[in-house]
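Chemist: what follows is a predicted protein model with its sequence.
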Amino acid sequence: MTASATKTEHGSDLEAFRAEVRAWLKDNFPPALEGIVPMMEGGADGSHAADLATWRDRLAERGWGAPHWPKAYGGAGLDHAHVRALAQEMGRVGAINPIPLLAGMGVTMVGPTILEYGTDDQKQRHLPGIASGKVRWCLGLSEPNAGSDLASLSTLAEDRGDHFVVNGQKIWTSGADISQWCGALVRTDKTVAKHKGISFLMLPMDQPGVRTRPIKLISGASPFCETFFDDARAEKDDLLGELNDGWNVIKRLLQHERASQTSAGGPGGKKKASALHEVAKRYVGVDSAGRLDDPDLRSRLTRHLMDAAAHKLTAERIAAEAKGNPQVSAAASIMKNSATGITQARSELMLEIMGQQGFGWEGDAYAADELAIVREWLWGKAISIYGGSAEVQRNIISKNILGLPETTQKG
Amino acid sequence: MTASATKTEHGSDLEAFRAEVRAWLKDNFPPALEGIVPMMEGGADGSHAADLATWRDRLAERGWGAPHWPKAYGGAGLDHAHVRALAQEMGRVGAINPIPLLAGMGVTMVGPTILEYGTDDQKQRHLPGIASGKVRWCLGLSEPNAGSDLASLSTLAEDRGDHFVVNGQKIWTSGADISQWCGALVRTDKTVAKHKGISFLMLPMDQPGVRTRPIKLISGASPFCETFFDDARAEKDDLLGELNDGWNVIKRLLQHERASQTSAGGPGGKKKASALHEVAKRYVGVDSAGRLDDPDLRSRLTRHLMDAAAHKLTAERIAAEAKGNPQVSAAASIMKNSATGITQARSELMLEIMGQQGFGWEGDAYAADELAIVREWLWGKAISIYGGSAEVQRNIISKNILGLPETTQKG
Amino acid sequence: MAALNEEQSLIRDQAKSWVTEQAPVRRFREMRDARIETAYAPEAFAAMVDMGWTGILVPESYGGSDLGYLTFGLILEELGRQLTASPLLASGLIGTSALLLGGSEEQKQVWLPKLVDGSAILTLAVDEGPRHAPTKTALTAAKSGGGFVLDGSKAMVLEGMAATAYVVVARTGGAAGSEDGLSLFLVPAEAKGVSRSARSTADSRGYADVTFAKVEVGADALLGKLDAGYPLLDAILDRGRAGLAAEMLGTASQAFDMTLEYLKTRKQFGRVIGSFQALGHRAADMYSGMELARSCVEAALQAIDSDADNVAELCSLAKCKMGDHLHLVSNELIQMHGGIGMTDEYDAGFYLKRARALEAIYGNQAFHRERYARLLGY
Amino acid sequence: MAALNEEQSLIRDQAKSWVTEQAPVRRFREMRDARIETAYAPEAFAAMVDMGWTGILVPESYGGSDLGYLTFGLILEELGRQLTASPLLASGLIGTSALLLGGSEEQKQVWLPKLVDGSAILTLAVDEGPRHAPTKTALTAAKSGGGFVLDGSKAMVLEGMAATAYVVVARTGGAAGSEDGLSLFLVPAEAKGVSRSARSTADSRGYADVTFAKVEVGADALLGKLDAGYPLLDAILDRGRAGLAAEMLGTASQAFDMTLEYLKTRKQFGRVIGSFQALGHRAADMYSGMELARSCVEAALQAIDSDADNVAELCSLAKCKMGDHLHLVSNELIQMHGGIGMTDEYDAGFYLKRARALEAIYGNQAFHRERYARLLGY
């Protein structure tokens, strides 16, 4: 449906744009990067570092790192149809836009929020760095004793005239150790109800009052850090949104996060994820009728593949219904939980299919892609926890979409 | 374990008792009743009415209608080991004790509660009639607007000196239209918190102030009624337990109910429930390796059979751990939900296995046992609702067994 | 909901208001209580014919409007909401599809206008046993003179009492269990040797067992190719499955809406029961499941309309996901309503009973999981 | 918990206090961080030998106490609670069972006293590929002179680096995939041609790949009958499965206890999270599942002790139900702990990783469902 709608509305303009992209890619995309997904953790593919830097700079030059952003802020000012076309053409040659990944939470979360809540000055100072992929951002939201209950945070920002002094501790600050800026949720008024005294501050990481410590996870090294603020300084000019209105800013930011987490599938990093049933045929074998030689597994595999198909069709339907005018929708919670469930189920099935060969931690007994299986499986346990846990998403659906009475606070 | 424990503790006494039972059964059990389960609805097997009456009276004469009750109240004063032996010997010849079924809720719920809470006078007046199967009881607990929230009942009993006058409406009064007595939960004090002003009254059904109306269910005719009290009369002597202490009486009674609902399996009525996998082989067929010709069904069937086996083993373990001294235990909620889940899953599988042939409502196109399938399936939907819904049982486990904070009232 | 064009939106709105006003579930109850043998109200079907619904798949040259399967699905969804009984699915979609896919020009000219104007009701007679198994067809069609003689019987034919003709799946060769050797025939219900009897089922809808005792038909009764009818049958069945899935979507939507409404109004322990988090989370999961299932159903209908090459895969996906979802929702409908949902006075039981019928027809979830795996080659 | 006799209660209590005091999960962490190749603390196993645990299955005439499998299970459950690593299961239960079930009098006299006193560690070398599949054995044993020559390799042998000898499953006849033609051999780890390498797995326990390159053994190395070793192997595996299920019972119990404790203490939105009904109901279901799974495990162990005729059925039931339960509980352990459960500093991850290993060893849930269905004949 989408394809035909697009054709009618944009017609030949879009076709011309596609041709332009194709030509540009031919000249500018380093073929060695075909299918290479730069991991947020960085360095996973050190061998491609130079190519990646070149590719990133060329994309940024065209504004295609954040193509839907206004040109004034480093984007290309493209509408949704053109953004899709760009993505499709890039996908066709295996080119991946590294900027949303390289820049930490910049393009997917902080940037869109600055676009909505920022002053002109803030947009000009911060957005181009994000769009170019040169300035990395982390987010200081969770605190050790808060978890899903963000609003109970205790990191304090005291007003010192032209700046704030920040004290406290954040956790799960992804990429904090490699970021230049941090978007932090801080308490600016202790005298009011907990949601009401919170503000959103942007502060530079390179200052004496900020210290980070990486967190080791059950899956091994991780992008996450603990971040400590000891008399850290944030300028008044870097308050995003109104003072004590940080709760609304963060709600919006989290909607952007959910919207970015709704695609199901592993964390990528491979040229092409193998179809699970093909992997199963390889490890499990087939019977004389060509059926997987484990009927119980086969049946559960089918359920999973059907779930994945339904998810994909739903994502397409949401896009088609939005008719080229996508927005952070109520569907985000549904899609986040669906994506989570499918990704985790896929990992569990992969583990089951590969047996002991999918359970290696290190060593020569395992191929590299076999070793990745168990780490992905463990890492995947986090996706139903962060960015609003599965339970929080259910609360949101129950309350905001279905209109059932509040269950989170009182019930 | 039980078998050997029994042998050591009771030794030859028990063996002698078994021999006595066998001999007695040979003389007294009408062979035509072998395997016949008299349905609570009555009349399902009108052809056996005379035999059933004889059999019931003979059992009652020996006190074996309620064998664990004291002899003074119509029981046989047997300990648990002897009760089990009696049941096993009866089971061996396909003899079923109709009294707990015929007498409505008498032997399983009202009787045990009277044994605990009743005065001597109440025990003497009420228990023998129950034990003999001649006096039927119904229970007036739920009300149309109360559901699982029993304590919000509004049927009122006013004190008139030597008696109460009762006004209100009860629902789900099973067997009310064929019962002589009713155990009713009524409000005797409106001025206190809702649990505190409730009493448990026993009142005769054969009086002008009591009227009943059968309820038709989605499965067809049912034993349930609506029961209306318009200035009904209950004697003060028939107050069970203390005035305004009915909540404790009913909690105990409901534990007895749960304990009686923990066996998994259909509502009976057939000579012998066929093993589900044998039915499946008949309707679905097998492949050349002898496997059910529907691998997806086969896998789910196995899960179900395993669940049923686990339930059975757990019931046996609970009995063994109680070492011949069974009591209403914390396990009742677990076992009720497990039994419910297994019974409902069995019905769903049966429907699936038999396809259209298990979906008939009436007519010659279906055999009698085929027609029973769909009714049992529909009726089975009630078992996770009545006697404390599945949700209420989970609340009980969560709060009373696991010690998690109250979720029912506040959260 | 798929992005609809203006015409589709209009038809959907028309269907919604007609069903709500003229054919609410109360009418289904009346029909059931009246024990009508064909199990639908003739005036309701007549109204559908008047609204042009029987012609939605039919090209204009044969008297239809040629609006396609997605549009037909919108109507079925609304009918499913109120359990409106009629031969619309069996004849207007399945019988009509059989002719569109397999009919010769002559057959189309003879049959399609009659199907559109409601003077003919054509349904598919495929299964012979209690479970859906097209390849197990044993009814034989033997060549005889210039035509064929059909001998055998069919079970649980949809709207089999109302039908004026059947598309009969017969074995003209090959062994039982084989896809080879199947052929399809158009057989009038009044043909000599055809007899039928109504089934009384839990969902109170119209099914018949039909016996074909040495029924003679001409060569022109053959629909599609001799001995190679299986691909045609499979395509007809897939259209039926997509249609059933659309009806199921409506039935599940209504069951969910009833449940949600009850959660919002029923009070226990001093508050509405929808405020209990455990129920709220279950409701949230049901809502999510509905959105996911809906996408599958609409994708299947659209794939048929656009003649995509993955129609079979999507139809199995839609029937299976929708079946699983309806199964869950129909059970939760009863459980969350508690005792009231168990009474015959309340409508909940109708939805539960209809759910299991819809799940079973033309392949239950297990059937379609098996088929999906085979289509994907593992 | 099964009704225990006094001796069993004493042993259970002893195990509980030793594990809690001497071998808590902290010791497992230390062992992991120290990267010991055999993946257990030798002093812990020495203590187990001293407490007589390696002799629990062994008749008194060979130096054991003959207390049976249910008693052994009580100990494994306690070890499972704290993830205490040792060759107790692999050698004290599985290797010992192999000799008890298949050993000649002479073999028993040679081996059992050494297994009891810990001077020998005997483990089963069965699987060759990544998934449990005993009949897929390809390692060959060819007659040669008076003895046999073994050639092939085994993967993921439990405690394979610590073993002083192996029970090797070899093909002496029959085709790959067949139950016929399998034989078992006792092979010292120091025999010429045996080489092994440790595997580093997610659960940080001891596994080895063992290669048998033209290893010569005498005729007395044959355990049980030539070419007809499958029933013996199956019986040994079933004892191993029951033992694994007992360990899983402990692991799941501890994971649940940790979760429950967290639900009672962790506060969010101003109250302990265990007061959220959705979590309370999930906890209730887990508790129920635990009770049901425990019954299966104890029944399997008791069936072995009483030599019942449904040992195979009950062992598959126990391994499968326990596997499903542990799978659920280990996932909920992480989910309900939230972020903290994801950190390596916290112990939750150890339980999750160990859970999947235990599920897979000697047949995962799918394997045992398939086996159960075959045993019941459908």
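Modeler: Yep, it's here.
Chemist: and the helices in the stretch 151-300 of chain A, which stretches?
Modeler: Secondary structure of the stretch 151-300 of chain A (DSSP state H, counting those that start in this stretch): helices at A:246-260, A:276-284, A:295-322.
Chemist: whatever helix or strand comes next after the last one near chain B anywhere?
Modeler: Scanning forward in sequence from helix A:295-322 by DSSP states H and E, the next helix or strand is helix A:331-354. No: using C-beta under 8 Å from any C-beta of the partner chain, no contact is recorded between helix A:331-354 and chain B, whose separation bottoms out at 13.9 Å. C-beta coordinates here come from the backbone N, C-alpha and C atoms, glycine included.
Chemist: distance from the chain centre to helix A:331-354, please.
Modeler: Distance, stretch centre to chain centre, for helix A:331-354: 16 Å (C-alpha atoms, centre = their mean, to the nearest Å).
Chemist: what's the angle from that helix to helix A:295-322?
Modeler: Here the directions of helix A:331-354 and helix A:295-322 differ by 160 degrees (axes from the mean of the first three to the mean of the last three C-alpha atoms, to 10 degrees).
Chemist: tell me the buried residues in the helix or strand just after helix A:331-354?
Modeler: Using DSSP H and E, the helix or strand that follows helix A:331-354 towards the C-terminus is strand A:360-362. Across strand A:360-362, burial judged by 16 or more other C-beta atoms under 10 Å in any protein chain shown covers A:G360, A:W361.
Chemist: show me what from the stretch 151-300 of chain C comes close to chain B.
Modeler: Proximity of the stretch 151-300 of chain C to chain B, by C-beta under 8 Å from any C-beta, involves residues C:155-156, C:197-204, C:207, C:209, C:266-270, C:276-279.
Chemist: can we see that at 7 Å?
Modeler: Within the stretch 151-300 of chain C, the residues that sit near chain B (C-beta under 7 Å from any C-beta of the partner chain) are C:A155, C:M156, C:R199, C:S200, C:T201, C:A202, C:D209, C:Q268, C:F269, C:Q277, C:A278.
Chemist: do you know the pLDDT at the fifth one?
Modeler: In this case it means C:T201. Predicted confidence (pLDDT) for C:T201: 97.
Chemist: tell me the spacing between it and A:K381.
Modeler: 46 Å (C-beta to C-beta, to the nearest Å).
Chemist: do the second one as well
Modeler: Taking C-beta to C-beta as the measure, C:M156 and A:K381 are separated by 47 Å.
Chemist: now A:I396
Modeler: Distance from A:I396 to A:K381, counting by C-beta to C-beta: 21 Å.
Chemist: got it, and C:A176?
Modeler: Separation of C:A176 from A:K381 (C-beta to C-beta) stands at 50 Å.
Chemist: what residue is smack in the middle of chain A?
Modeler: A:S260 (4.9 Å; C-alpha atoms, centre = their mean).
Chemist: isn't that residue up against A:T108?
Modeler: Yes: using C-beta atoms under 7 Å, A:S260 is in contact with A:T108, at 4.2 Å.
Chemist: still on that earlier bit, mind checking which of the helices of the stretch 151-300 of chain A is nearest chain D?
Modeler: helix A:295-322 (3.8 Å; C-beta to the nearest C-beta).
Chemist: helices or strands up against the closest one?
Modeler: helix A:276-284, helix A:331-354, helix B:295-321, helix C:277-305, helix C:311-337, helix C:365-376, helix D:365-376 (3 or more C-beta pairs under 7 Å, 6 or more residues apart in numbering or on different chains; DSSP states H and E).
Chemist: chain center to it, what's the gap?
Modeler: Taking C-alpha atoms, centre = their mean, one finds helix A:295-322 lying 21 Å from the centre of the chain it belongs to.
Chemist: and the strands in the chain?
Modeler: Reading this off chain A. A:137-140, A:156-159, A:163-170, A:181-187, A:198-204, A:210-214, A:225-235, A:239-240, A:360-362 (DSSP state E).
Chemist: hmm, I had chain C in mind actually
Modeler: Under DSSP E, chain C gives strands at C:122-125, C:140-144, C:147-158, C:165-171, C:182-188, C:194-201, C:207-217, C:222-223, C:267-268, C:271-272.
Chemist: columns distance to chain A on top of the ones you listed, output as CSV?
Modeler: Formatted as CSV, the strands of chain C follow (distance: least, C-beta to the nearest C-beta, whole Å):
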stretch, distance to chain A
strand C:122-125, 26
strand C:140-144, 27
strand C:147-158, 26
strand C:165-171, 23
strand C:182-188, 20
strand C:194-201, 28
strand C:207-217, 29
strand C:222-223, 31
strand C:267-268, 11
strand C:271-272, 6
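Chemist: tabulate those strands (CSV), appending mean neighbour count.
Modeler: Formatted as CSV, the strands of chain C follow (neighbours: other C-beta atoms under 10 Å in any protein chain shown):
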stretch, mean neighbour count
strand C:122-125, 28
strand C:140-144, 16
strand C:147-158, 21
strand C:165-171, 27
strand C:182-188, 25
strand C:194-201, 19
strand C:207-217, 21
strand C:222-223, 24
strand C:267-268, 16
strand C:271-272, 16
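Chemist: any chance of these in CSV, with distance to D:Y378 too?
Modeler: Shown next, in CSV, are the strands of chain C (distance: least, C-beta to C-beta, whole Å):
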stretch, distance to D:Y378
strand C:122-125, 32
strand C:140-144, 32
strand C:147-158, 25
strand C:165-171, 29
strand C:182-188, 29
strand C:194-201, 28
strand C:207-217, 29
strand C:222-223, 39
strand C:267-268, 43
strand C:271-272, 47
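Chemist: any idea which of the ones you listed gets closest to B:I215?
Modeler: B:I215 lies closest to strand C:267-268 among the strands of chain C, at 20.2 Å (C-beta to C-beta).
Chemist: so how far is that closest one off the chain centroid?
Modeler: Distance, centroid of strand C:267-268 to centroid of chain: 38 Å (C-alpha atoms, centre = their mean).
Chemist: walk me through the domains of chain A.
Modeler: Domain ranges of chain A: A:2-102, A:137-246, A:261-401, per automatic domain parsing.
Chemist: thanks a lot, catch you later.
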